[in-house]
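> predicted model, plus sequence, below.
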There are 2 protein chains.
Amino acid sequence: MRAGPSQEDIRRHNLGALLRHVHLGGPISRAELTSRMGLNRSTIMALTSDLTAAGLVREELPRETGRAGRPSLVVRPESSRVYVFAFDVSPDRLAVARVGLGGLILDRREVARERDALALGELAGVLAGFARQMRRRTRDDTVCVGAAAAVPGGVRKGDGVVTFGPNLMVEKAVPFGEELGRRLGLGLPVSVGNDANLAALAEHSRGVGAAVKDLVYLHGDVGIGGGIITGGHLLGGHDGYGGEVGHIVVNPGGRACGCGSHGCLEAEVGERALLEAAGRFRSGQHGRDAVRAVVEAADRGDIVAQEALKRVGDWLGLGIANLVNIFNPEMVIFGGMLREVYLGSAAQVRSRLTLHAMAPQRERLRLRTSSLADDATLVGAAELAFAHVLADPLEVLARAGT
Amino acid sequence: MRAGPSQEDIRRHNLGALLRHVHLGGPISRAELTSRMGLNRSTIMALTSDLTAAGLVREELPRETGRAGRPSLVVRPESSRVYVFAFDVSPDRLAVARVGLGGLILDRREVARERDALALGELAGVLAGFARQMRRRTRDDTVCVGAAAAVPGGVRKGDGVVTFGPNLMVEKAVPFGEELGRRLGLGLPVSVGNDANLAALAEHSRGVGAAVKDLVYLHGDVGIGGGIITGGHLLGGHDGYGGEVGHIVVNPGGRACGCGSHGCLEAEVGERALLEAAGRFRSGQHGRDAVRAVVEAADRGDIVAQEALKRVGDWLGLGIANLVNIFNPEMVIFGGMLREVYLGSAAQVRSRLTLHAMAPQRERLRLRTSSLADDATLVGAAELAFAHVLADPLEVLARAGT
């Protein structure tokens, strides 16, 4: 119930809105911006001038227009000049990318991670090292405007401290962003987000869920996480722990879960549940390849693998049905290892949905797999890093010293 | 990604924001409005003048100030002049209220309803009749600015058509708002909302959940419904059916549910589940009194009643734990007959929460009973009716012909 915005607020909003069009949609003509934003031509010209002067976009003549008359200038993001660092800590790998405005991955580095080999605090040093190497390879006129990391754990709202993460060796609250920012040494704050939440944001802005305002994204790795977009906004919750769908109980009295409860979605559908049901849970065999092997075996007619997928698909379907009743989403997206699991058990999932989800909620529902695949969390981290640039483009550039 | 607002948009926003302060918070001084809204004194004066001229508020000297100097004028809602009609269709009663700006119930009429005696379409005539009687008793200078109804069913987004309602005898989509509007004959559209959603809004604006931005409200009647506020907004979902928490499966293979599934929260925790478990499910004995009788019997030491509450409390607690993991709410509110059930099984609910909800999510969680009690749905309907007045105060008054 605050008052309406000031002139300065409106200019900031409009600059951010224009930059967001260019960042998410790619090169776009001034004429198109005029029509999409509902502003007049002179306002669009003034806004693009400001962003051009700040070095965030450039304007150029379109390649060919096919129309008579003076062509409308095309506004492009300065992708190679303005960038962020995106970090992704997953149970099995570490990834760092330098991502240009517009979402272009300019440089990346990935390394396999031994599960439980390093605690989260120590990982900061490794990640920062990769980023410094990348930075040394950049031209002098480039500018880093932000950094963010995705972690498979709970991230507290407000201070971004990682407070839990059974697959991260987090035993006490870790100020991971602060630690990473210090080691990065760029004088920039590092934002931190839950991996599934960031992957949901990524699919919502650049993936299969673009333009979908109500979606449920399920992310499978060792555990199961979720990210929920409702009315176009990420569900955060009071403390930032919203979307922990891996720990809804689908099978009371079922398999023990790492969280201390029994029958959680994660316990019935996670990597270990599938591998055990398929008789393939042996030390050293885990991760995406092991899951894929079960699905492939089932495809080849392996009955044990088929039964394992059927069992896991039943619980996955029940979990999805619950979420569909609660959220009435337009789309459910399966990401991480759940892409493979869903593809191998789609019939089972759909039959559970028919059984347990209410008809009006499932009538127009679409089930999809992640289109960004294993890059979803990394892309989400980049979007988180760009968020404050889009909120206030000029302030960020001023702070970056250009 | 639209452009920022125009001057006219800002004025409309500010008028609505000021009126919302007065409507929800009651009489308030101009000085306080200046500070709360972050606007200067002359802008507040101009806004209150507009609203006064439109007959929505009036300004008067405060009773006593206790301070030296000229006292700040107090802005009051024109509660007795500007009103809405609120309708509530519940399984056991029909209620109609004339509610003044500011939330004051000026007149009300309630009548018991035989379950399944009348279909939803026919109820419109009864409700409109009550409203017309009330209207005949009003003074000539009063003006009705809106009307809305709460129904225990699914209400489609966009057109407000009631598409399902097992306790409403809805077999096909019913354009209930249209029907009620026609019979009311005031030339006003009648908004329609799901009862639990509207009760959640009511608790969020005027009840125990005021100032709470993330809350889960559970409403028990014959069935179980829910309304969820996340980040200050009601969860609607793609088609408007969000929050149907009564049909999440808590006990796979459990009791049959009216929706066709088994083990839904509603099937395990609803009125019938409790009465059957307590050996009290007989024809003619139902509703709030029958539920209260079980809780009272348990209090007096009746072991069957105690066991029934224990059983129901277990499933209720499991359902709540799931919702807490998903939403990380600040507060869970028990409304309708779940007020009684929760009060009679709080220990059970809390112990299930400890078992199944993740620690960070439950650390700061508060469990509360509805403070608006049986008026929650009616108050919610009134707030829905006032919503468009607050969105654009002047347009509404212009249309009402004043």
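Okay, I see it. Numbering: from 1, shown residues only, chains lettered A, B, ... in the order given.
> check residue A:66 and give its pLDDT.
Here the pLDDT value assigned to residue A:66 is 65.
> er, residue A:115 actually
73.
> what's the burial count for it?
12 (other C-beta atoms under 10 Å in any protein chain shown). In short, each C-beta sits where N, CA and C put it, glycine included.
> the residue positioned nearest the centre of chain A: which element?
Among the residues of chain A, the one closest to the centroid is residue A:199, at 2.1 Å (C-alpha atoms, centre = their mean). Per DSSP states H and E, residue A:199 falls inside helix A:195-206.
> now check that helix, is it near chain B?
No. Applying C-beta under 8 Å from any C-beta of the partner chain, one finds helix A:195-206 separated from chain B by no less than 11.2 Å.
> now do the SS call for residue A:292.
Three-state assignment for residue A:292 (DSSP: H, G, I helix; E, B strand; the rest coil): helix.
> wait, it sits on residue A:343?
No. Using C-beta atoms under 8 Å, residue A:292 is not in contact with residue A:343; the gap is 9.8 Å.
> would you mind measuring the gap between the ends of stretch A:31-49?
15 Å (C-alpha to C-alpha, to the nearest Å).
> on that earlier part again, show residues contacting the helix holding residue A:199.
A:24, A:88-90, A:103, A:148, A:150-152, A:193, A:209-210, A:212, A:215, A:217-219, A:221, A:225-229, A:234, A:242-243, A:333, A:335-336, A:370-372, A:375-377, A:379-381, A:383-384 (C-beta atoms under 8 Å, 6 or more residues apart in numbering or on different chains).
> across the sheet, point out what pairs with residue A:94.
For residue A:94, the beta-bridge partners are residue A:89, residue A:111 (DSSP bridges).
> same question, the one 4 residues further on
Listed by DSSP bridges, the beta-bridge partners for residue A:98 are residue A:85, residue A:107.
> surely it touches residue A:105?
Yes. Residue A:98 sits in contact with residue A:105 when judged by C-beta under 8 Å, with a separation of 7.5 Å.
> so between the two, which is more surrounded?
Using other C-beta under 10 Å as the criterion, residue A:98 and residue A:105 rank with residue A:98 on top: 23 against 15.
> the more buried one: what's it in contact with?
A:83, A:84, A:85, A:86, A:105, A:106, A:107, A:108, A:131, A:134, A:135, A:138.
> can you pull the pLDDT of the last one?
pLDDT, the model's per-residue confidence, is 93 for residue A:138.
> so it: helix, strand or coil?
coil.
> in space, what's closest to it - neighbours in sequence excluded?
residue A:98 (7.5 Å; C-beta to C-beta, 6 or more residues apart in numbering or on different chains).
> where's the one you found relative to residue A:92, distance?
22 Å (C-beta to C-beta, to the nearest Å).
> do the same with residue A:338
Here the criterion is C-beta to C-beta. By it, residue A:338 lies 15 Å from residue A:92.
> okay, those two: which has more neighbours?
Comparing residue A:338 with residue A:92 by other C-beta under 10 Å, the one with more neighbours is residue A:338, at 26 against 15.
> ramachandran angles for residue A:193?
Main-chain dihedrals, residue A:193, degrees, to the nearest 10: phi -140, psi 160.
> was I right to think it contacts residue A:147?
No. Applying C-beta under 8 Å as the test, residue A:193 and residue A:147 come out as separate, 11.9 Å apart.
> quick one: residue A:217 and residue A:209 touch, right?
Yes. Using C-beta under 8 Å, residue A:217 is in contact with residue A:209, at 7.2 Å.
> more crowded one of those two?
Comparing residue A:217 with residue A:209 by other C-beta under 10 Å, the one with more neighbours is residue A:217, at 36 against 29.
> per-residue confidence for that one?
Looking at residue A:217, the pLDDT reads 98.
> report the contact partners of it.
When contacts are counted by C-beta under 8 Å, 6+ apart, residue A:217 touches A:196, A:199-200, A:203-204, A:209, A:226-229, A:332-333, A:335, A:370.
> hmm, stretch A:355-363 in reach of chain B?
Yes. Stretch A:355-363 comes into contact with chain B (C-beta under 8 Å from any C-beta), by way of A:355, A:356, A:357, A:358, A:359, A:360, A:361, A:363.
> once you drop chain neighbours, what's closest to the fifth one?
Beyond its immediate neighbours in the sequence, the residue positioned closest to residue A:359 (C-beta to C-beta, 6+ apart) is residue B:164, lying 7.6 Å away.
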